[in-house]
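1. next come a sequence and a model predicted from it.
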Amino acid sequence: MAVNVIKILRVSYSTDSSLESLNSLNLTLTFFDLPWINLPPIQRVIFYRLLQLSTESFHSLIIPKLERSLSLVLHRYSPLAARLTWDPKHPKPCILVRHDDSVSLTVAETNEDFSRVSGDGLRPAAELRSFVPCLEATDDSASVLSLQVTLFRNQGFCIGVTSHHAVVDGKATALFIKSWAYICRLQEEEAMRFPYLPDGLTPRFDRTVINVPTRLEAKILEVSLRKGKTLKILEPSEIDADDTVRVTLELTQENIQKLKERVKNESARPLELQLSTFVIAFAYIWTCVVKACGGDANRPVGLLVAADFRHRLDPQVPETYFGNCLFPMGSFGYEAKEFTEEDGFVKAVETLSHSVKSLGSQEIESHCMNYVEGLKKFKPGAQIGAVAGSPRLGIYGVDFGWGRPAKTEVVAIDRTRGLFSFSERRDGQNGVEMGLCLKKVR
């Protein structure tokens, strides 16, 4: 993939006297941040179609607006410009905010076909990596956010976002992207120095809202830090991205309703099941992939659900909380044949339904212990199904002033076998848009 880097900008947040206190601001990681310390970052690319977008217009109009609005939004999201640090004397990392922090913004160009790269059809999985930047990371320090804007001359541009998963989850990352777009659009209407953000876009940094027993943090650190105290990202070795293709699929509301009816007719206990769109779509794509992969019918497989606990803690966590509020819930110890046989789809629905329903009946301590014990059943090389993203994030509504996205992709699904992406349908209709990566058949 030919992408030419033109320049790399360092964008600092706009400041005034009220931000002097940020020189000494530390945000400690919470229980929900710890499982993600060494896992791959959140990487998303958003494509905007702008026909006749010239190189001159891109550099004289698009980039200055994005850079200026980024500086303004970082005034409200200053921890994204900070460093994640880990003092060897401290049990867990913290986010250290300083007055001279900045975010890397890469400006690039490509001659690739916009429609093909942003399309739905089979294409090399690795090529999207050229449109998202990397994070800097050592054992004791890591950047939190990195951005890239790439021009497709006379076709459009894309924005690549990479955020550290130990600092923000998908919802918090989406909140930042929406806030950035809001301020970028607002620049059309009025000149401003420190823009106002509506409540629904204003981040909340208060860590005390995470009401979880501190003793659970030690248990999560124990199972999360397989390589010791380090902020370096553990790159999965199980996928050869050059031998993998990416495809985007869609389930309409009609498709989902038919699948629900199938479960009601075939399950022995349909009234006990949680037949949400998430459960149905996840079970369907999972069983299709397990069948497509073939291989040993007795091979180990499992399912992993990253549950959002914002509404499940007491008291509830604000919608705009800045940080992670996801916790992984695993269903391990299965064999592939349980999902490839005729009743495999219904079996997957029942398994996922049990995990989702348990969210409302168990305390976080029970979920933590179940997760720790479940990992003991995990077998190396097991095929694990998991979902990144959510139709509730609303990325297709993100308008920086040049219209709605033509396409958005979760790039990092090419790093882990069995990881799918979910988003809302770009046409605004009910249903799910799903991204997946599969090894090419030779």
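-> The structure has been received and is ready for your questions.

2. low-confidence ranges in the protein?
-> 1, 16-24, 188-194, 226-227, 236-242, 361, 442 (pLDDT under 70).

3. again, 50 this time
-> Scanning the chain for pLDDT under 50 picks out 17-22.

4. can I see the domain layout of it?
-> The record's domain split for the chain, according to automatic domain parsing, is 3-224, 241-439.

5. turn those domains into a markdown table, including mean neighbour count.
-> (Each C-beta comes from the backbone N, C-alpha and C, glycine too.) Output for the domains of the chain, formatted as a markdown table (neighbours: other Cβ atoms under 10 Å):
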| stretch | mean neighbour count |
| --- | --- |
| domain 3-224 | 18 |
| domain 241-439 | 18 |
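
6. save those domains as a markdown table, and put in distance to residue 235 too.
-> Shown next, in a markdown table, are these (distance: least, Cβ to Cβ, whole Å):
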| stretch | distance to residue 235 |
| --- | --- |
| domain 3-224 | 7 |
| domain 241-439 | 7 |
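
7. for residue 232, which of those is the nearest?
-> domain 3-224 (5.1 Å; Cβ to Cβ).

8. need phi/psi at residue 430.
-> Main-chain dihedrals, residue 430, degrees, to the nearest 10: phi -70, psi 150.

9. which ones are touching it?
-> 252, 253, 277 (Cβ atoms under 8 Å, 6 or more residues apart in numbering).

10. closest one of those residues to residue 97?
-> Nearest member of these to residue 97, counting by Cβ to Cβ, is residue 277, at 38.2 Å.

11. without its sequence neighbours, what residue ends up closest to that closest one?
-> Nearest residue to residue 277, sequence neighbours excluded (Cβ to Cβ, 6 or more residues apart in numbering): residue 256, at 5.6 Å.

12. all helices of this protein, in order?
-> 55-57, 63-74, 114-117, 170-186, 215-224, 253-266, 277-293, 337-340, 344-358, 364-377 (DSSP state H).

13. quick check: most distant residue from the centroid of this protein.
-> residue 268 (35.1 Å; Cα atoms, centre = their mean).

14. now it: how far from residue 275?
-> 15 Å (Cβ to Cβ, to the nearest Å).

15. just residue 80 next, same as before
-> Residue 80 is 37 Å from residue 275, by Cβ to Cβ.

16. ok, residue 197 next?
-> 37 Å.

17. kindly report the same for residue 69.
-> Taking Cβ to Cβ, one finds residue 69 at 42 Å from residue 275.

18. dump the residue contacts of the spatially closest residue to residue 329 that is not a sequence neighbour.
-> Leaving out its chain neighbours, the residue that sits closest to residue 329 by Cβ to Cβ, 6+ apart is residue 305, at 4.8 Å. Contact analysis of residue 305 by Cβ under 8 Å, 6+ apart lists 282, 328, 329, 330, 331, 352, 355, 356, 386, 387.

19. now tabulate those residues in CSV and tack on distance to residue 420.
-> Converted to CSV, the contacts of residue 305 look like this (distance: Cβ to Cβ, whole Å):
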residue, distance to residue 420
282, 8
328, 15
329, 16
330, 16
331, 16
352, 13
355, 16
356, 16
386, 7
387, 5
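
20. ok, so of those, who is nearest residue 176?
-> Checking the contacts of residue 305 one by one against residue 176 (Cβ to Cβ), the nearest turns out to be residue 387, at 20.9 Å.

21. I'd say the closest one and residue 416 touch.
-> No: Residue 387 lies out of contact with residue 416 (Cβ atoms under 8 Å); the separation is 11.5 Å.

22. got the CA positions of stretch 51-63 in PDB?
-> In PDB, the C-alpha atoms belonging to stretch 51-63 read as follows (Å, rounded to 0.1, in the frame of the first residue of the first chain):
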ATOM      1  CA  LEU A  51     -14.900  14.400  -5.200                       C
ATOM      2  CA  GLN A  52     -12.600  16.900  -6.800                       C
ATOM      3  CA  LEU A  53     -10.700  17.400  -3.600                       C
ATOM      4  CA  SER A  54      -7.400  18.800  -4.900                       C
ATOM      5  CA  THR A  55      -4.000  18.600  -3.200                       C
ATOM      6  CA  GLU A  56      -4.000  22.300  -2.700                       C
ATOM      7  CA  SER A  57      -7.500  22.400  -1.000                       C
ATOM      8  CA  PHE A  58      -6.500  19.400   1.200                       C
ATOM      9  CA  HIS A  59      -3.400  21.200   2.600                       C
ATOM     10  CA  SER A  60      -4.800  24.800   2.600                       C
ATOM     11  CA  LEU A  61      -8.400  24.100   3.900                       C
ATOM     12  CA  ILE A  62      -8.900  20.500   5.300                       C
ATOM     13  CA  ILE A  63      -5.700  20.200   7.300                       C
END
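
23. isn't residue 114 up against residue 153?
-> No: with contact defined as Cβ under 8 Å, residue 114 does not reach residue 153; the gap is 9.3 Å.

24. so who does residue 404 touch?
-> With Cβ under 8 Å, 6+ apart, residue 404 has these contacts: 396, 397, 398, 426.

25. quick one: the residue nearest to residue 329 and residue 379, what's the gap?
-> From residue 305 to residue 379 the distance is 19 Å (Cβ to Cβ).

26. and the strands in the stretch 51-200 of the chain?
-> Under the criterion DSSP state E, counting those that start in this stretch, the stretch 51-200 of the chain contains strands at 83-85, 94-97, 103-110, 123-124, 141-143, 145-152, 156-163.

27. could you measure from the residue farthest from the centre of the chain over to residue 139?
-> The value you get for residue 268 to residue 139, if Cβ to Cβ is used, is 52 Å.

28. then residue 432?
-> 39 Å.

29. and what of residue 422?
-> Taking Cβ to Cβ, one finds residue 422 at 34 Å from residue 139.
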